[in-house]
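**Q** heads up, no residue letters with this:
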Ligand SMILES: [Zn+2]
Ligand SMILES: [Zn+2]
Ligand SMILES: [Zn+2]
Ligand SMILES: [Zn+2]
Ligand SMILES: [Zn+2]
Ligand SMILES: [Zn+2]
């Protein structure tokens with residue numbers, strides 16, 4: 001238990017008398033003493049988390065740590081309240097979610113969707129959605145071929161609509177951010193098709209606005225996790241959906257085989273600091289991150305990294321100035337103008353993007369032999385600051401290129417490439433992060449040690 005100051009004095013949650021102490025775990029539950037805290041614990045443990053939910057006009061609801069949290073602290077463990085296939089998925093069984101390979105599957109006799117077995121088609125969890133999918137007389141929503149298909153998008157929407165009979169989950173779903181008004185206006189083809197499927201094909205009595213909201217909530221909040229069978233599913237999580245975004249996150253998400261997410265701090269977080277995770281890959285250059293955030297989440301990022309012209313002195317998205325060959329371009333005016341930090345030459349974002357694309361193409365078209373990888377990396381490092389996004393992309397390319405080459409020389413190079421990747425990840429995702437762990441584990445695996453980590457990695 002921690003002592004609390006006079007201003008924060010509150011009443012005991014158990015007896016209502018003047019409180020003298022607070023729960024050491026969450027810091028927001030008050031007690032008259034240890035005795036009442038212990039008596040209240042069976043009830044309080046269900047709500048005891050080291051964060052509080054705050055609200056502002058500009059950011060909506062968000063989570064703030066309620067005490068000092070050392071790096072690696074488990075903040076929350078949460079199971080999805082609804083789970084389903086990704087929007088675009090290869091064939092999977094709607095009951096057990098295993099991948100359906102070659103022609104080794106059956107079709108549900110009622111709805112015609114592919115299932116792993118007749119037994120799975122008869123499972124109770126399939127019956128409600130089967131009834132609705134069966135309303136599709138022409139079977140225009142049924143996936144009929146192998147390979148990825150966007151038809152699986154319908155399943156999670158349907159599972160969300162079926163939550164209508166559960167007032168608790170329906171309310172959580174209704175309260176999720178969805179930007180449904182903008183999405184209705186933007187009329188992105190997949191969005192419109194999904195809404196029409198449930199209003200015109202499987203008519204189940206929902207107003208189209210409800211379906212705009214539900215699909216919008218999924219696009220905005222769903223988190224992808226991998227099943228032990230290798231299939232990626234997406235789920236909605238009520239508390240985790242309150243986490244705000246930063247391109248410089250201070251927490252990481254990982255999931256176990258049941259799609260339960262574990263949120264941990266990656267760095268030391270002080271009491272009162274907001275908890276952030278990144279909705280987009282932190283290894284993307286600033287214009288890609290901003291573009292994705294605008295298109296999918298409808299906001300412009302003003303995080304600590306995006307507000308700094310050099311991305312906190314990392315120059316992660318900067319390119320070399322061709323004018324003076326000495327300076328680096330850094331961004332100004334919400335990244336629309338880029339200025340050389342040596343000769344002050346100004347160029348527009350469009351020009352920076354073009355130069356970056358040209359460089360990426362140059363890297364991709366380069367014929368590299370395993371012998372010349374190191375020289376090639378040196379060449380790339382001359383065209384961009386070391387440890388920027390282009391260098392990162394090149395490192396990934398080299399790993400893919402050397403994937404099946406296990407000569408001593410190639411393994412040596414891979415080790416060096418991994419070290420650089422880990423260095424870059426420690427710049428854009430400091431602390432103990434999932435991605436860095438993943439790279440470290442890959443590295444360990446390749447040197448013959450086993451991965452005993454029970455949690456599976458959260459999948460982008
Ligand atoms: Zn009391
Ligand atoms: Zn507590
Ligand atoms: Zn199955
Ligand atoms: Zn069925
Ligand atoms: Zn940002
Ligand atoms: Zn210059």
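**A** Sure thing, it's come through. Everything numeric here is computed off the predicted structure, so don't read it as measured data. Ligands and ions are numbered 1, 2, ... in the order given.
**Q** if I look at residue 245, how far off is residue 49?
**A** Counting by CB to CB, to the nearest Å, the separation of residue 245 from residue 49 is 20 Å. (Each C-beta comes from the backbone N, C-alpha and C, glycine too.)
**Q** Residue 280 reaches residue 293, doesn't it?
**A** Yes: between residue 280 and residue 293 there is a contact under CB atoms under 8 Å: 6.1 Å.
**Q** Can you check which residues contact both of these two?
**A** residue 245 (CB atoms under 8 Å, 6 or more residues apart in numbering).
**Q** where do the helices sit along this structure?
**A** Assigned by DSSP state H, the chain shows helices spanning 34-44, 118-121, 124-133, 153-161, 167-175, 180-186, 189-196, 208-221, 286-297, 349-365, 373-383, 389-401, 408-428, 434-446.
**Q** Quick check: which of those is nearest to residue 233?
**A** Checking the helices of the chain against residue 233 by CB to CB gives helix 153-161 as the closest, at 8.8 Å.
**Q** Now do that closest one against helix 124-133, angle only.
**A** Orientation of helix 153-161 against helix 124-133 (axes from the mean of the first three to the mean of the last three CA atoms, to 10 degrees) gives an angle of 110 degrees.
**Q** Centre of the chain to helix 153-161, how far?
**A** Distance of helix 153-161 from the chain centroid (CA atoms, centre = their mean, to the nearest Å) equals 20 Å.
**Q** For it, give the mean pLDDT please.
**A** Helix 153-161 shows a mean pLDDT of 97.
**Q** got the phi/psi numbers for whichever residue of the stretch 151-300 of the chain sits closest to ligand 1?
**A** As assessed by CB to the ion, ligand 1 sits closest to residue 271 within the stretch 151-300 of the chain, at 24.0 Å. For residue 271, the backbone dihedrals are phi -50, psi 130 (criterion: degrees, to the nearest 10).
**Q** Please determine how far it is located from residue 41.
**A** Relative to residue 41, residue 271 is positioned 22 Å away (CB to CB).
**Q** before we move on, what about residue 215?
**A** The spacing between residue 215 and residue 41, counted by CB to CB, is 41 Å.
**Q** Compare those two (neighbour count), which wins?
**A** residue 215 (28 against 15; other CB atoms under 10 Å).
**Q** what's near enough to touch the more buried one?
**A** Residue 215 neighbours (CB under 8 Å, 6+ apart): 157, 178, 180, 183, 191, 194-195.
**Q** let's see 7 Å
**A** 157, 191, 194-195 (CB atoms under 7 Å, 6 or more residues apart in numbering).
**Q** In CSV: these, plus neighbour count and distance to ligand 2.
**A** Listed next are those as CSV, based on neighbours: other CB atoms under 10 Å; distance: CB to the ion, whole Å:
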residue, neighbour count, distance to ligand 2
157, 20, 37
191, 19, 41
194, 25, 41
195, 23, 42
